[in-house]
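In: Structural data only, the sequence is not supplied:
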């Protein structure tokens, strides 16, 4: 996971939006790492759902069911 | 959650990285919504840990412990 797709700036904004006064750069990088990890996990599940439905295109409904399954909501 | 911090392009890349052949734009938007939601939840926990440690700055260790707690790893 050295090549992350997620940039640092939006991570910083997310932590500030959550109410943080200050955020270290390494904290933003850590959040990027975790969100990319869970993003990949959601996407892999979503791909399974799409394939099961006979589609090669991942749709929003695949992401939603995969995310609900993995994040328990 | 109408104003998302996460852009669509990195979401598309994450789903492709997970192995998808094609990804609808609405699927990328859906993933952005979920990742921002979990990001905010991780960040709020992390802020609690930072405050508990007497800090106003959220550090990588706060993000890590919060993410492990919420994502169960």
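Out: Structure received. Remember, predicted model here, so these are calculated numbers, not experimental data.
In: make it CA atoms for all contacts and neighbour counts henceforth
Out: OK.
In: residue ranges for the helices of chain A, please.
Out: Under the criterion DSSP state H, chain A contains helices at A:8-17, A:25-52, A:60-71.
In: Which of those helices sits closest to residue B:20?
Out: helix A:25-52 (6.2 Å; Cα to Cα).
In: Next, the angle from that closest one to helix B:25-52.
Out: Here the directions of helix A:25-52 and helix B:25-52 differ by 150 degrees (axes from the mean of the first three to the mean of the last three Cα atoms, to 10 degrees).
In: Thought residue B:59 was touching residue A:26, still the case?
Out: Yes - applying Cα atoms under 8 Å as the test, residue A:26 and residue B:59 come out as touching, 6.7 Å apart.
In: okay, the two: which has more neighbours?
Out: residue B:59 (21 against 16; other Cα atoms under 10 Å in any protein chain shown).
In: Quick one: check stretch A:40-58 for contact with chain B.
Out: Yes - residues of stretch A:40-58 are located near chain B by Cα under 8 Å from any Cα of the partner chain, namely A:40-41, A:43-44, A:47, A:56-58.
In: most neighbours, which of those residues?
Out: If you count neighbours using other Cα under 10 Å, the busiest of those is residue A:43, which has 31 neighbours.
In: Report the separation between it and residue B:30.
Out: According to Cα to Cα, to the nearest Å, residue A:43 stands 11 Å off from residue B:30.
In: same question, residue A:62
Out: 9 Å.
In: higher neighbour count, the two?
Out: Neighbours were counted for residue A:62 and for residue B:30 using other Cα under 10 Å; residue A:62 has more, 24 against 21.
In: Leaving aside the residues adjacent along the chain, what's closest to the more buried one?
Out: Take residue A:62 and drop its neighbours on the chain: the residue closest to it by Cα to Cα, 6 or more residues apart in numbering or on different chains is residue A:46, 4.6 Å away.
In: which intervals of chain A have sub-threshold pLDDT?
Out: A:1-2, A:73 (pLDDT under 70).
In: circling back: quick one: common contacting residues for residue A:43 and residue B:30?
Out: Counting by Cα atoms under 8 Å, 6 or more residues apart in numbering or on different chains, the residues touching both residue A:43 and residue B:30 are residue A:63.
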